[in-house]
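Participant: My questions are about this predicted structure, shown below with the sequence.
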Amino acid sequence: MNLRLTALSALVGISLAAFALPSNACFTVIVGKKVSSTGEILVGHNEDNEMRIITSQYWVDPAMHEDGELIEFEPAAAKIPQVKKTLGFWWSQTLAPTGYSFSDGFVNEKGVVVVSNNCNQTIEKGEKINEGGIGYGIRRLIAERAVSARDGVNLAIDLVKKYGYFQEGRTYTIADANEAWQLVLLRGSRYVARKVQDDEIAFLANAINITNIDLKDTANVIASPDLIENAIKKGTYKPKDPKNFSDFNLRKAYQLDERTSADWTKERVRVLLNYLTGKDFKDEHAFPMSMKLKNKVSAEQVRQMISGHSKHEVRDSGWYHQGMNDICNIGTYDSVVYVLRPNPLFTLAWRTNGRPSQQFSYPQYPLAGAAIGQNFMDPKTATTAQFHATPE
């Protein structure tokens with residue numbers, strides 16, 4: 001029996017290895033309070049990645065720290081001064097042989113949730129970073145320090161201003177019971193944050209989903225002062241009126257078309273739009289990335305959304321999930337719908353350790369800590385192992 005299982009595992013491994021998987025090809029849905037059936041912000045997220053990984057969950061206790069203590073994440077990244085006191089947080093770790101900077105999920109004791117989507121292939125490629133820049137530290141430090149979603153956004157912006165972001169582009173979803181923000185960080189020190197409105201549903205695969213924004217609306221938009229000037233200088237934005245920038249579109253100005261038009265990016269958004277409207281959207285350049293709905297949305301419906309499959313996917317490999325064009329796809333190894341409640345203790349996560357279309361979701365209260373058997377290391381060892389994993 002063991003020999004048969006070993007042979008089957010090898011066969012599955014070889015079959016999966018035959019497909020090239022874009023790293024961190026995730027999908028996120030955010031539901032505002034007025035659109036939610038229970039009046040609570042909902043965040044649905046699929047984490048997609050390569051296969052050779054281990055996932056564990058931890059509760060990290062609040063802690064006091066010594067003066068002068070420095071935090072080291074990626075070996076080549078900046079060493080960041082620690083604060084005196086850090087918050088307690090629940091941590092879903094993606095452990096890979098070489099370490100992953102952008103796949104872990106967090107919920108802290110204040111009820112702040114952070115997940116992210118790879119939005120690489122932008123016009124920001126050679127921008128300077130300081131002391132190695134920052135990557136993994138964005139999400140981890142939000143978990144350790146942010147007392148609200150807005151505080152988390154400000155914290156991330158301060159970090160990229162000081163150190164610079166070392167990836168080309170990524171969108172972070174930072175949410176609590178009161179509000180949800182989408183924060184686009186670009187290589188170097190440029191950023192754009194947009195608050196998801198209470199009466200809308202927002203969504204994204206792996207291209208920037210923020211389009212036209214009013215930079216004067218400081219209550220709902222936070223952006224680098226030179227954002228438009230930089231795009232004009234690089235030739236990716238030409239305003240119709242030199243004195244009026246109302247036609248500025250972040251996605252068009254900063255995301256390369258090869259990412260916006262990639263099959264595995266546009267098709268997943270197309271699946272979601274079809275679910276929401278019943279219509280078939282074909283022009284990815286005209287895709288809305290948020291919309292207002294007449295009907296309210298439940299956590300179960302968000303789960304259905306992130307379990308979605310493409311009607312246009314060719315399935316000829318013998319495996320139903322064979323590529324990345326489904327929202328729930330070959331690379332989906334972790335799926336969750338967060339229900340963000342006023343009392344952080346009752347923050348609820350409907351989690352699937354695998355593809356949500358094939359497995360059930362179980363209820364989990366992150367602030368209750370990790371269940372027995374969800375990990376094999378203590379949090380301190382796991383933190384060290386994040387970028388220094390050993391074979392055993």
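Facilitator: Perfect, I can see it now.
Participant: low-scoring stretches of this protein, by residue?
Facilitator: 1-24, 51-52 (pLDDT under 70).
Participant: Spatially central residue in it, please.
Facilitator: Nearest to the geometric centre of the chain sits S116, at 1.4 Å (CA atoms, centre = their mean).
Participant: what pairs with the spatially closest residue to that one that is not a sequence neighbour across the strands?
Facilitator: Spatial nearest neighbour of S116, excluding adjacent residues (CB to CB, 6 or more residues apart in numbering): Y172 at 4.6 Å. Placement of C-beta: from N, CA and C, glycine included. The residues listed as beta-bridge partners of Y172 by DSSP bridges are S116, L183.
Participant: so Y172 touches L183, yeah?
Facilitator: Yes: Y172 lies in contact with L183 (CB atoms under 8 Å); the separation is 4.5 Å.
Participant: Quick check: neighbours shared by these two?
Facilitator: Common contact partners of Y172 and L183 (CB atoms under 8 Å, 6 or more residues apart in numbering): A156.
Participant: Can you show me the helices along the stretch 251-392 of the chain?
Facilitator: Under the criterion DSSP state H, counting those that start in this stretch, the stretch 251-392 of the chain contains helices at 257-260, 263-277, 299-305, 379-385.
Participant: Looking at these, which is nearest to V196?
Facilitator: helix 299-305 (13.6 Å; CB to CB).
Participant: just the strands in the stretch 101-250 of the chain please.
Facilitator: 105-108, 113-118, 165-175, 180-188, 191-196, 201-204, 221-223 (DSSP state E, counting those that start in this stretch).
Participant: Tabulate these in JSON lines, adding columns for distance to Q93.
Facilitator: Shown next, in JSON lines, are the strands of the stretch 101-250 of the chain (distance: least, CB to CB, whole Å):
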{"stretch": "strand 105-108", "distance to Q93": "9"}
{"stretch": "strand 113-118", "distance to Q93": "14"}
{"stretch": "strand 165-175", "distance to Q93": "17"}
{"stretch": "strand 180-188", "distance to Q93": "21"}
{"stretch": "strand 191-196", "distance to Q93": "26"}
{"stretch": "strand 201-204", "distance to Q93": "23"}
{"stretch": "strand 221-223", "distance to Q93": "29"}
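Participant: K128: how many residues sit nearby?
Facilitator: Look at K128: counted by other CB atoms under 10 Å, it has 9 neighbours.
Participant: got it, and the one 10 residues further on?
Facilitator: A count of neighbours around I138, defined by other CB under 10 Å, yields 28.
Participant: got a list of what the closest residue to it other than its chain neighbours touches?
Facilitator: Nearest-residue entry for I138: A156, 5.2 Å, with adjacent residues in sequence omitted and distances by CB to CB, 6+ apart. For A156, the contact set (CB under 8 Å, 6+ apart) comprises I138, I142, Y172, I174, L183, L185, Y191.
Participant: so who does the fourth one touch?
Facilitator: Right, I174. If you count contacts by CB under 8 Å, 6+ apart, I174 has them with V112, V113, V114, I142, A146, A149, G152, V153, A156, A180, W181, L183.
Participant: Name the nearest of the residues you listed relative to H312.
Facilitator: A180 (30.3 Å).
Participant: so that closest one makes contact with V196?
Facilitator: Yes: if you go by CB under 8 Å, A180 and V196 touch, sitting 4.4 Å apart.
Participant: Find residues that contact each of the two.
Facilitator: In contact with both A180 and V196: I30, G32, A202, using CB under 8 Å, 6+ apart.
Participant: I'd like to check which residues are in contact with the residue nearest to the centre of the chain.
Facilitator: S116 sits next to N24, C26, F102, R139, R170, T171, Y172, T173 when contact means CB under 8 Å, 6+ apart.
Participant: what's the answer for A149, then?
Facilitator: V112, I174, A175, D176, N178, E179, A180, W181.
Participant: switch to 10 Å and redo it
Facilitator: A149 sits next to 41, 110-114, 142, 173-181, 183, 195-196, 340 when contact means CB atoms under 10 Å, 6 or more residues apart in numbering.
Participant: Report the buried members of those residues.
Facilitator: Those of the contacts of A149 that meet the buried threshold are 41, 110-114, 142, 173-177, 179-181, 183, 195-196, 340, by 16 or more other CB atoms under 10 Å.
Participant: Just the buried positions in stretch 129-146, please.
Facilitator: So stretch 129-146, judged by 16+ other CB under 10 Å, has buried residues 129, 132-146.
Participant: out of the strands of the stretch 101-250 of the chain, nearest to H45?
Facilitator: Checking the strands of the stretch 101-250 of the chain against H45 by CB to CB gives strand 113-118 as the closest, at 4.4 Å.
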